[in-house]
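Asker: Need a 3D model of the following:
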Amino acid sequence: MDHSETNQPITPEEPEVLETPSEPTAEELITAEKEKYLRLAAEYDNYRKRSRAERDTFYGEVKAETVKAFLEVHDTLELAVKAETADSAYKKGVELTFKQLQTVFERLGVTAIEASTGTAFDPAIHEAIAHIEDESLGANVVAEELRKGFKLGDKVIRCSMVKSAN
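Answerer: Prediction:
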């Protein structure tokens, strides 16, 4: 549009005034640094918690694997305790060794899984390797335990090997 038609005087455009950023106040600097500090502290706390959880998980896995390695020794000692022998000193030594291993397992939190005759069969803790028909036993129960199973806390480290009935 032409200015001559509106009879308005032409005014020069005013230059835009750019505001120069003002220096942050001491309060704003303190607030910003405090936010950085809190963020860093939270990140460190999360790192510490995550590291502890990873360490605990790793420790539990290593502990379970170590106990698993000793279960064969447990089985062998259990058979040796049950075996007949003429040497009473030898038998007493085997019994003491077996008892000592059981004490170590108890201190580590290792417990035997219940699998006596008549116990309800649970596939989460029992491994059925044979099935028999026996009317004196109920349905879906353990007829005989063939090998002991063990837990470390709530984690099953070896299922009980059993014969199941009905």
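
Asker: which residue is nearest the centroid of the protein?
Answerer: With distances taken as CA atoms, centre = their mean, Thr57 lies nearest the centre of the chain, 4.9 Å away.

Asker: Now for that residue, which secondary structure element holds it?
Answerer: Using DSSP states H and E, Thr57 sits in helix 26-82.

Asker: Got the domain ranges for this structure?
Answerer: 28-108, 111-166 (automatic domain parsing).

Asker: pLDDT averaged over stretch 111-121 - what is it?
Answerer: The average pLDDT within stretch 111-121 is 91.

Asker: ok, back up a step: give me whichever of the domains of the chain is most buried.
Answerer: Ranked by mean neighbour count, the domains of the chain are led by domain 111-166 with a mean of 16 (mean count of other CB atoms under 10 Å). Bear in mind the C-beta positions are built from the backbone N, C-alpha and C, glycine included.

Asker: Helix, strand or coil: sort out Asp134 for me.
Answerer: coil (DSSP: H, G, I helix; E, B strand; the rest coil).

Asker: hang on, isn't it packed against Ser164?
Answerer: No. Asp134 is beyond contact range of Ser164, at 10.1 Å (criterion: CB atoms under 8 Å).

Asker: Now do the contacts for Glu144.
Answerer: Glu144 makes contacts with Thr117, Val162, Lys163, as judged by CB atoms under 8 Å, 6 or more residues apart in numbering.

Asker: so it bridges to which residues?
Answerer: Lys163 (DSSP bridges).

Asker: Where does pLDDT dip in this structure?
Answerer: In the predicted model of the chain, residues 1-20 satisfy pLDDT under 70.

Asker: how about 80 then?
Answerer: Counting by pLDDT under 80, the chain has low-confidence residues at 1-21.

Asker: Take the domains of the chain and lay them out in TSV including distance to Pro21.
Answerer: Shown next, in TSV, are these (distance: least, CB to CB, whole Å):
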stretch	distance to Pro21
domain 28-108	12
domain 111-166	60
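
Asker: Which helix or strand contains Leu146?
Answerer: Leu146 belongs to strand 141-147, assigned by DSSP H and E.

Asker: strand partners of the helix or strand just after that strand, parallel vs antiparallel please.
Answerer: Next in sequence after strand 141-147, counting helices and strands by DSSP H and E, comes strand 150-152. Here strand 150-152 is paired, per DSSP bridges, with strand 110-112 (antiparallel), strand 155-158 (antiparallel).
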